[in-house]
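Chemist: Got a predicted model here, sequence first, then my questions.
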Amino acid sequence: MTTLLQINASLNNGKGQSSQLANQFVAAFQKSHPEAKIVMRDVAATEPVPHLDAERFGAFITKADERTLAQHSVVAYSDSLIDELSQAQVIVLGLPMYNFGVPSQLKAYFDHIARVGVTFKYTDKGPVGLLAGKKVYVFAARGGLYAGTPMDTQTSYVRDFLRFLGMADVEFVYAEGLNISPQSKEAGLAKAAADIARLAA
């Protein structure tokens, strides 16, 4: 059975455009894969991931038999996020753009799932990701037009981070120009809807 993990990162919960695009894809995916298990993770609105600080980072790098109870709790939370991700074959990410970057809560989620010896390892030939074999769909919603320009730092960052953990099969769908005008918004959402229909077929 295929497991799909949907990760929403909008501060607006299900009302965000990126979340709605991700929802559209998941609904279409379910029609063609009725046996699929769908798991939802909202890292910003309903289940915000704590931002990384010295104490949380210290828990990750402390040996298991030397951790305090508080550190064990931190690591257990991280382990639960990683286990959820590891069990999914398909990852769907709803990605809004905030001030030219990813939401800070998504960055916090990335910080909790990137753990040496767990999701990646260092070798004499460089780092190797341990979460290979997954298909990732990223639904990026932007108020302006950024794809393919130097101002789109999101795409390279997210793609590089996922590849670092072993997830190299990543496809982006963009809905852009959403705040330029009603016509631009309609065109941006229509293009994204067409891409969703193609990918979910």
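Modeler: Here it is on my side, so go on.
Chemist: C-alpha only now, for contacts and for neighbours.
Modeler: Fine.
Chemist: so the residue nearest to the spatial centre of the chain bridges to which residues?
Modeler: By CA atoms, centre = their mean, the mean C-alpha position of the chain lies nearest to Leu93, the distance being 4.2 Å. For Leu93, the beta-bridge partners are Ile7, Val138 (DSSP bridges).
Chemist: Over to stretch 2-15 now: how far is its first residue from its last?
Modeler: From its first residue to its last, stretch 2-15 covers 27 Å (CA to CA, to the nearest Å).
Chemist: Give the buried residues for it.
Modeler: Of all the residues in stretch 2-15, those buried under the rule 16 or more other CA atoms under 10 Å are 3-11, 13-14.
Chemist: Now do the helices in the chain.
Modeler: 17-32, 54-61, 69-86, 104-113, 153-164, 182-200 (DSSP state H).
Chemist: Specify the stretch among those helices that is closest to Val138.
Modeler: Among the helices of the chain, helix 17-32 comes nearest to Val138, with 8.0 Å by CA to CA.
Chemist: Can you tell me what sits against that closest one?
Modeler: 6, 8-10, 13-14, 36, 92-96, 138-141, 192-193, 196-197, 200-201 (CA atoms under 8 Å, 6 or more residues apart in numbering).
Chemist: repeat for stretch 35-50
Modeler: Against stretch 35-50 from outside (CA under 8 Å, 6+ apart): 1-13, 30, 103, 105-106, 108-109.
Chemist: try stretch 51-63
Modeler: When contacts are defined by CA under 8 Å, 6+ apart, stretch 51-63 is touched by residues 67, 71-72, 74-75, 104-105, 108, 111-112, 115.
Chemist: Closest one to Ala132 out of these, please.
Modeler: Out of the contacts of stretch 51-63, the member with the shortest distance to Ala132 (by CA to CA) is Arg115, at 14.9 Å.
Chemist: Who are the contact partners of the closest one?
Modeler: Contacts of Arg115 (CA under 8 Å, 6+ apart): Phe60.
Chemist: From Arg163, how far out is it?
Modeler: Note on Arg115: its distance to Arg163, by CA to CA, is 14 Å.
Chemist: Also Lys121?
Modeler: Taken as CA to CA, the span from Lys121 to Arg163 is 13 Å.
Chemist: Quick check: neighbours shared by the two?
Modeler: Jointly contacting Lys121 and Arg163 under the rule CA under 8 Å, 6+ apart are Gly129.
Chemist: Give me the more crowded residue out of these two.
Modeler: Arg163 (18 against 15; other CA atoms under 10 Å).
Chemist: got a pLDDT number for the more buried one?
Modeler: You'll see Arg163 listed with a pLDDT of 98.
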